[in-house]
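Enquirer: what would the 3D arrangement of this be:
(4 chains)
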Number of protein chains: 2
Amino acid sequence: MTPSVQIDRLHTIDLQNPGHGHGERHDHGACVVSALERARTAFGDKGMKLTPLRQRVFEEIAGSHDALGAYDILDRMARKSGERLAPISVYRAIDALLAAGVVHRIESKNAFYACHAPHQGQERHIALVCERCQTVIEVSGADIFAAMETASAACGFKLSLAVAEGAGLCPSCATLLPIVLATDLVTQP
Amino acid sequence: MTPSVQIDRLHTIDLQNPGHGHGERHDHGACVVSALERARTAFGDKGMKLTPLRQRVFEEIAGSHDALGAYDILDRMARKSGERLAPISVYRAIDALLAAGVVHRIESKNAFYACHAPHQGQERHIALVCERCQTVIEVSGADIFAAMETASAACGFKLSLAVAEGAGLCPSCATLLPIVLATDLVTQP
DNA sequence: CCGTTAATGCAATGATGTATCATTCGGTAT
DNA sequence: ATACCGAATGATACATCATTGCATTAACGG
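Expert: Here you go, the predicted model:
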């Protein structure tokens, strides 16, 4: 049989605590508040303004540990406020958030996520997207970007912009998935 | 003054030999023919068929050393044949070419390029896109993907798909650009 | 020759992103 | 005050990227 049943079952587990692993508890409200605090700081430091619109957009992005598309954000904001912004408004807000460095773009998904563990300007990170629960986690990318720089320089290419991102199974899903599959083998002969 | 004039001047130089550096000569026809030969082999090896449509699409992609968007390909084919395919036809052909491994996608540009130095399945490469002349070059990415694997494994993430790509100045543009800018400083006080 | 599968054609639509121009709002020089 | 300026937002339209669903044709093995 195909694994679709198992996947559905796993997904209900995910939904108990969306985007945050399976067993852990996570105070999402506090998490967004602290992200917002860092965002305020980042905008201040750069002489930029965290306007109400930008803040609303940031709250949507930070309020999920998934990467959201611009139109997802648009939908969520419309559901909350009752009125729908023009796409360009959200894109402009996103541009400011990107410039401030408080959100990042996942090129391979055309989607955006908030830094929850901020790399204050200095350290480079890469995004890893879980294909099961969609959570985005960031890991240090120093070695990766160094390797890209080395490979580029070796052929005379002057690298000014590097993209690196991955997809696969996050720690929670990687450990849980085999268990669920094995369980199914027993319970569904 | 802004560098726009310099950039335009440089661009005319680029156009003398689009996508292939500034001083070198490049037999583009032969280059496409050999790419096509490798494509035929790749399709054969994989038990896939290089159909006429797929070949036409491949020729468009391989006929440029830039990365082309699907609608660019569509436009070019329409200009040649007089009739315009539906987008889906091109996308399906691209899917086959991607599956055969003879073209690759640049996620950060939503565009496709042909391998001109084929890595027959085994070695991983990354694409570097020149921001001046748009040429795509590929360099070995073994170290980069190894670093991504290491970084992922370190945090328990099971990486199944990795994307790495860069943008900057290709060797030709990197050496030519400063010269042109310096020349302008002299000739346009 | 027939049935099956792969490939293509065709129409519509969804999804993502931008150009252009008008308006609002907060500061600030006069 | 008020007149102006620049940054941010609003509004409409459009451009670009990609897929769904279904009909048709071509290729291949019996």
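Enquirer: quick one: what helix or strand has A:A162 in it?
Expert: strand A:158-169 (DSSP states H and E).
Enquirer: in that strand, what's buried?
Expert: A:K158, A:L159, A:A162, A:V163, A:A164, A:E165, A:G166, A:A167, A:G168, A:L169 (16 or more other C-beta atoms under 10 Å in any protein chain shown). To be clear about C-beta, it is placed using only N, CA and C from the backbone, and glycine gets the same treatment.
Enquirer: now these as TSV including distance to chain B and pLDDT?
Expert: Shown next, in TSV, are the buried residues of strand A:158-169 (distance: C-beta to the nearest C-beta, whole Å; pLDDT from 0 to 100):
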residue	distance to chain B	pLDDT
A:K158	4	96
A:L159	4	97
A:A162	5	97
A:V163	5	98
A:A164	5	98
A:E165	5	98
A:G166	5	98
A:A167	4	98
A:G168	4	97
A:L169	4	96
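Enquirer: tell me the pLDDT at A:L177?
Expert: Reported pLDDT at A:L177 in the predicted model: 73.
Enquirer: was I right to think it contacts A:C130?
Expert: No. With contact defined as C-beta atoms under 8 Å, A:L177 does not reach A:C130; the gap is 10.5 Å.
Enquirer: those two: who's more crowded?
Expert: A:C130 (24 against 18; other C-beta atoms under 10 Å in any protein chain shown).
Enquirer: apart from its neighbours in sequence, what residue is nearest the more buried one?
Expert: Counting by C-beta to C-beta, 6 or more residues apart in numbering or on different chains, A:C170 is the residue found nearest to A:C130 once chain neighbours are left out, at 3.7 Å.
Enquirer: quick one: residues contacting that neighbour.
Expert: Listed by C-beta atoms under 8 Å, 6 or more residues apart in numbering or on different chains, the contact partners of A:C170 are A:G21, A:L128, A:C130, A:R132, A:C133, A:T135, A:I137, B:G156, B:F157.
Enquirer: please repeat the previous calculation with a cut-off of 7 Å.
Expert: Residues near A:C170 by C-beta atoms under 7 Å, 6 or more residues apart in numbering or on different chains: A:C130, A:C133, A:T135, A:I137, B:F157.
Enquirer: just the residues you listed: which are in strands?
Expert: Counting by DSSP state E, these place A:C130, A:I137 in strands.
Enquirer: between the contacts of A:C170, which is nearest B:K49?
Expert: Closest to B:K49 out of the contacts of A:C170 is A:C130 (35.9 Å), distances taken as C-beta to C-beta.
Enquirer: which residue ranges of chain A form helices?
Expert: For chain A, helices defined by DSSP state H occupy the ranges A:4-15, A:28-45, A:52-62, A:70-81, A:87-100, A:142-154, A:171-187.
Enquirer: ok so, going back, quick check: neighbours shared by A:L177 and A:C130?
Expert: Common contact partners of A:L177 and A:C130 (C-beta under 7 Å, 6+ apart): A:L169.
Enquirer: where does chain A have its least confident helix or strand?
Expert: helix A:4-15 (a mean of 31; mean pLDDT, DSSP states H and E).
Enquirer: report the contact partners of A:D27.
Expert: Residues counted as contacts of A:D27 (C-beta under 7 Å, 6+ apart): none.
Enquirer: and it, what are its phi and psi?
Expert: Main-chain torsions, A:D27, degrees, to the nearest 10: phi -90, psi 90.
Enquirer: against A:L68, how distant is it?
Expert: According to C-beta to C-beta, to the nearest Å, A:D27 and A:L68 sit 20 Å apart.
Enquirer: would you tell me which of the helices of chain A gets closest to B:V90?
Expert: Among these, the nearest to B:V90 by C-beta to C-beta is helix A:70-81 (24.3 Å).
Enquirer: close to DNA strand D: what parts of chain A are there?
Expert: A:48-49, A:51-54, A:85-89, A:92-93, A:96 (C-beta under 7 Å from any atom of the strand).
Enquirer: how about a cut-off of 10 Å?
Expert: Within chain A, the positions near DNA strand D by C-beta under 10 Å from any atom of the strand are A:43, A:47-57, A:81, A:83-93, A:95-96, A:99, A:108, A:110.
Enquirer: what ranges of chain A fall below the confidence cut-off?
Expert: A:1-25, A:118-122, A:184-189 (pLDDT under 70).
Enquirer: which parts of it sit against chain B?
Expert: Contacts of chain A with chain B, taken as C-beta under 7 Å from any C-beta of the partner chain, map to A:107-108, A:126, A:128, A:137, A:139-141, A:143-144, A:147-148, A:151-152, A:155-171, A:174.
Enquirer: go ahead and confirm A:C133 touches A:L176.
Expert: No. At 9.4 Å, A:C133 does not count as touching A:L176 under the criterion of C-beta atoms under 7 Å.
Enquirer: rewinding a little: DNA strand D versus the residue nearest to A:C130, what's the distance?
Expert: Distance, A:C170 to DNA strand D, by C-beta to the nearest atom of the strand, to the nearest Å: 24 Å.
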